[in-house]
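> the amino acid sequence is not available; the structure is as follows:
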C-alpha cells in the first residue's frame, strides 16, 4: 500500500512530518474514495442492466472527502498520535511505529468502506432503488458462499442496509 510505504519511510516525526504525510494521505485517499464510489455506480448499473435486459448507464456518482465528518488531513494525523502514545507508554520506536502503521491501515480500510457505502447509497437513490436482496453466486467466491450470506439471500432489505460485498438483485 502506497500510504504504508510512505509512512514507513518518514524521517521527521514532528509537526512537519505530520503535516506533509497527512496532506499526501488525504489527497490519495480522497481520490481513492471518489473512484470507489464511481465503481460502485458502474456495478449497480451493470446489475440493473442484467436484471432489466436494457442498458442502464451509470449516474455519475461523485463523492468528496470528509465522509467521516472530520477533515481527511486530521484523520491521517492519527497514526502519529499512535506512535507518540506508544513511545510515551515505553514502547520501542519500531513497536510504536508498527502500531501507527496498523492504525493507518485501519483508517484507510474504513475510509474505503465508507466510500463504498456512500457510493451505493447515492447510486441506489439515483436509480430509485428502494429495496435489494443478496444473490448467492458461489462461482464468484473462491471458498464458496458463506453460511451467513446464504441465509441472508432469502430476505429483502431496505437500501439503507446496503453493505460492502453485497451482490444485489433490485426490487423497485
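Yep, that arrived. Model, not experiment: these values are computed from the prediction.

> give me the below-cutoff pLDDT ranges for this structure.
65, 159-172 (pLDDT under 70).

> which segments of this protein make up each domain?
Recorded structural domains for the chain (assignment: automatic domain parsing) are 2-127, 129-172.

> give me the secondary structure label for residue 80.
helix (DSSP: H, G, I helix; E, B strand; the rest coil).

> show the contacting residues for it.
Counting by Cβ atoms under 8 Å, 6 or more residues apart in numbering, residue 80 makes contact with 13, 17-18, 21, 100. The C-beta positions use only the backbone N, C-alpha and C, and glycine is treated the same way.

> in ChimeraX, select just the buried ones from these.
Filtering the contacts of residue 80 down to the buried ones (16 or more other Cβ atoms under 10 Å) takes a single ChimeraX command:
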select :13,18,21,100
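
> nearest to residue 62 among the contacts of residue 80?
Taking Cβ to Cβ as the measure, residue 62 sits nearest to residue 21 out of these, at 26.2 Å.

> okay, and the residue positioned nearest the centre of the chain sits in which element?
Nearest residue to the geometric centre of the chain (Cα atoms, centre = their mean): residue 112, 1.5 Å. Counting by DSSP states H and E, the element that carries residue 112 is helix 93-126.

> after that helix, which helix or strand is next?
Tracing the chain past helix 93-126, the next element assigned as helix or strand by DSSP H and E is strand 131-134.

> in its sheet, what does that following strand sit against?
On the basis of DSSP bridges, the sheet neighbours of strand 131-134 come out as strand 156-158 (antiparallel), strand 168-171 (antiparallel).

> which other helices and strands contact the lengthiest helix in the chain?
Secondary structure assigned by DSSP state H gives helix 15-52 as the longest helix of the chain. On a contact count with 3 or more Cβ pairs under 8 Å, 6 or more residues apart in numbering; DSSP states H and E, helix 15-52 meets helix 2-8, helix 72-75, helix 78-88, helix 93-126, strand 168-171.

> so which of the domains of the chain is the most packed in?
domain 2-127 (a mean of 16; mean count of other Cβ atoms under 10 Å).

> now the residue lying farthest from the centre of the chain: how far from residue 96?
Distance from the centre of the chain peaks at residue 90, with 33.1 Å (Cα atoms, centre = their mean). According to Cβ to Cβ, to the nearest Å, residue 90 stands 9 Å off from residue 96.
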